[in-house]
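K.L.:
Sequence first, predicted coordinates after that:
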Amino acid sequence: MKMVSLPWGGEISFYVFCLVFGSLIALVWTAYRGHKYGAGGVSATAFSLLSGVLGLLLGRAVYCAVRFDRLFYDPMGDFAGFAPFLDYTQGGVNVIGVILGVLLSALLVGAVSRKGGLALLDSGAVPGMALFAWARFVEPLCGTGYGDLITNEAFCRFPFAIENGWGDYTLSVCFIEAVLAALIALAMLAAGRFCRKKGTLAGVTLALLCVTQIMPTSLRQDDVLFLFIFARVSQIGYGVILLGVLIAGLIRGGRRGLSGKTIFCEIALLLLGIGIIIGAEFALDKTNWPDAAIYAGMIAALLGMGILVVRRLAKEDRFYPALPPAEDGDAPKAQEA
């Protein structure tokens with residue numbers, strides 16, 4: 001792995017250097033947007049810093065919980081202690097834990113600063129999505145982010161393919177994830193000014209992230225975390241987070257008199273979609289059905305899930321008085337929900 005020398009001595013990997021560089025840009029960007037969304041620059045900065053710490057800790061915790069036997073036991077089966085938890089060269093960090101760390105940071109900083117966690121999440125939605133895209137884009141620097149082998153020589157080059165540890169050209173899954181996240185960041189940067197209610201921008205961004213990342217996660221072949229043999233931890237996590245975003249929107253709807261029948265139907269439909277995704281993963285692993293047909297069904301389910309959640313959030317956002325346009329033409333400050 002390529003290393004970079006530090007001015008004060010020592011070295012870090014170029015991959016870590018890229019992540020730190022991107023994180024600093026996201027931090028400054030979030031602080032700038034904090035003023036526009038009523039979070040304040042100081043609170044937004046504290047939120048960014050705490051998100052980095054808690055994101056790494058919870059992301060590592062999820063990874064280590066799934067790989068507990070492999071990380072904390074020696075080859076003889078004896079418990080070797082928890083020291084590997086802080087050794088990030090052994091394994092990695094799970095993205096679901098990182099997202100949970102960001103959400104928890106918004107809750108804690110919002111409570112302490114009295115600025116509100118939703119305003120903080122809105123401030124960091126676009127910078128966070130851009131950072132996610134950057135992290136996926138530079139992932140090949142640490143030897144991960146690849147999928148199945150590519151045999152067509154015309155596609156044996158970046159961005160279509162990257163080399164794995166054995167020198168074979170494999171599908172560049174990380175690039176697919178990066179492009180999807182970058183498109184979401186651009187879309188939310190443009191659409192943010194139309195959001196009237198606190199949390200709408202963050203909710204839509206998070207929902208789109210979950211929907212678009214489930215499919216590429218299915219294509220990954222490197223250090224994937226599994227539950228129940230075929231179910232991938234990240235996919236299940238994305239589904240649970242998506243369900244949480246929908247429930248948050250339905251709670252807002254319930255406060256204005258949304259019927260219990262509608263709430264039940266939308267939750268049931270989303271759970272059905274999650275079930276289809278899990279079934280598709282089972283079919284890919286345990287049946288001889290054509291992969292193209294399975295992936296087509298997965299894509300259809302994801303589209304339906306995305307439309308369901310974003311539509312609910314958009315409906316609840318419309319049931320709120322319009323805000324005056326911001327002085328600089330950018331996103332308006334959000335009001336208290």
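P.N.:
Sure thing, it's come through. Keep in mind it's a predicted model, so treat the numbers as computed, not measured.

K.L.:
Distance from stretch 293-311 to the middle of the chain?
P.N.:
17 Å (C-alpha atoms, centre = their mean, to the nearest Å).

K.L.:
So which residues make contact with that stretch?
P.N.:
With contact meaning C-beta atoms under 8 Å, 6 or more residues apart in numbering, stretch 293-311 is reached by 204, 207-208, 211-212, 214-215, 218, 242, 245-246, 249, 266, 269-270, 273-274, 276-277, 280, 283-284. (Glycine included, C-beta is placed from N, CA and C.)

K.L.:
try it again with 7 Å
P.N.:
Outside stretch 293-311, the residues that touch it by C-beta atoms under 7 Å, 6 or more residues apart in numbering are 204, 207-208, 211, 214-215, 242, 245-246, 266, 269-270, 273, 276-277, 280, 283-284.

K.L.:
what are the C-alpha coordinates of it, in CSV please?
P.N.:
C-alpha atoms of stretch 293-311 as CSV (Å, rounded to 0.1, in the frame of the first residue of the first chain):
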residue,chain,number,x,y,z
ALA,A,293,-34.0,-12.3,-13.6
ILE,A,294,-33.2,-12.2,-9.9
TYR,A,295,-31.4,-8.8,-10.2
ALA,A,296,-34.3,-7.5,-12.2
GLY,A,297,-36.7,-8.4,-9.4
MET,A,298,-34.4,-6.8,-6.9
ILE,A,299,-34.2,-3.6,-8.9
ALA,A,300,-38.0,-3.5,-9.2
ALA,A,301,-38.4,-4.0,-5.4
LEU,A,302,-35.9,-1.3,-4.7
LEU,A,303,-37.6,1.2,-7.0
GLY,A,304,-40.9,0.6,-5.3
MET,A,305,-39.3,1.0,-1.8
GLY,A,306,-37.6,4.2,-2.8
ILE,A,307,-40.8,5.7,-4.3
LEU,A,308,-42.8,4.7,-1.3
VAL,A,309,-40.5,6.3,1.3
VAL,A,310,-39.6,9.5,-0.7
ARG,A,311,-43.2,10.0,-1.5
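
K.L.:
per-residue confidence for the residue with the largest distance to the centre of the chain?
P.N.:
Distance to the chain centre peaks in the chain at M76, reaching 36.7 Å (criterion: C-alpha atoms, centre = their mean). Note on M76: pLDDT of 78.

K.L.:
ok, now how distant is it from C64?
P.N.:
20 Å (C-beta to C-beta, to the nearest Å).

K.L.:
Please apply the same query to M298.
P.N.:
Separation of M298 from C64 (C-beta to C-beta): 29 Å.

K.L.:
likewise L271?
P.N.:
Going from L271 to C64 by C-beta to C-beta gives 29 Å.

K.L.:
neighbour count winner among the two?
P.N.:
Set L271 next to C64 and count neighbours by other C-beta atoms under 10 Å: C64 wins out with 20 against 14.

K.L.:
Just confirm the more buried one contacts D87, I think it does.
P.N.:
No. Applying C-beta atoms under 7 Å as the test, C64 and D87 come out as separate, 10.3 Å apart.

K.L.:
How are the helices of the stretch 1-150 of the chain distributed by residue range?
P.N.:
Counting by DSSP state H, counting those that start in this stretch, the stretch 1-150 of the chain has helices at residues 14-36, 41-66, 68-72, 95-113, 117-137.

K.L.:
Out of these, the one nearest Y238 is which?
P.N.:
Of all the helices of the stretch 1-150 of the chain, helix 95-113 sits nearest to Y238, with 7.1 Å by C-beta to C-beta.

K.L.:
Now do the closest one, average pLDDT.
P.N.:
The pLDDT scores in helix 95-113 average 95.

K.L.:
May I have the residues that are in contact with S113?
P.N.:
Residues in contact with S113, defined by C-beta under 7 Å, 6+ apart, are G40, S43.

K.L.:
For the buried ones among the contacts of stretch 293-311, write the corresponding ChimeraX selection.
P.N.:
Here is the ChimeraX command that selects the buried residues among those (16 or more other C-beta atoms under 10 Å):
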select :204,207,208,211,214,215,242,245,246,266,270,273,276,277,280,283
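
K.L.:
Identify those among the contacts of stretch 293-311 that sit within strands.
P.N.:
Among those, none falls in strands (DSSP state E).

K.L.:
Out of the contacts of stretch 293-311, which sit inside helices?
P.N.:
204, 207-208, 211, 214-215, 242, 245-246, 266, 269-270, 273, 276-277, 280, 283-284 (DSSP state H).
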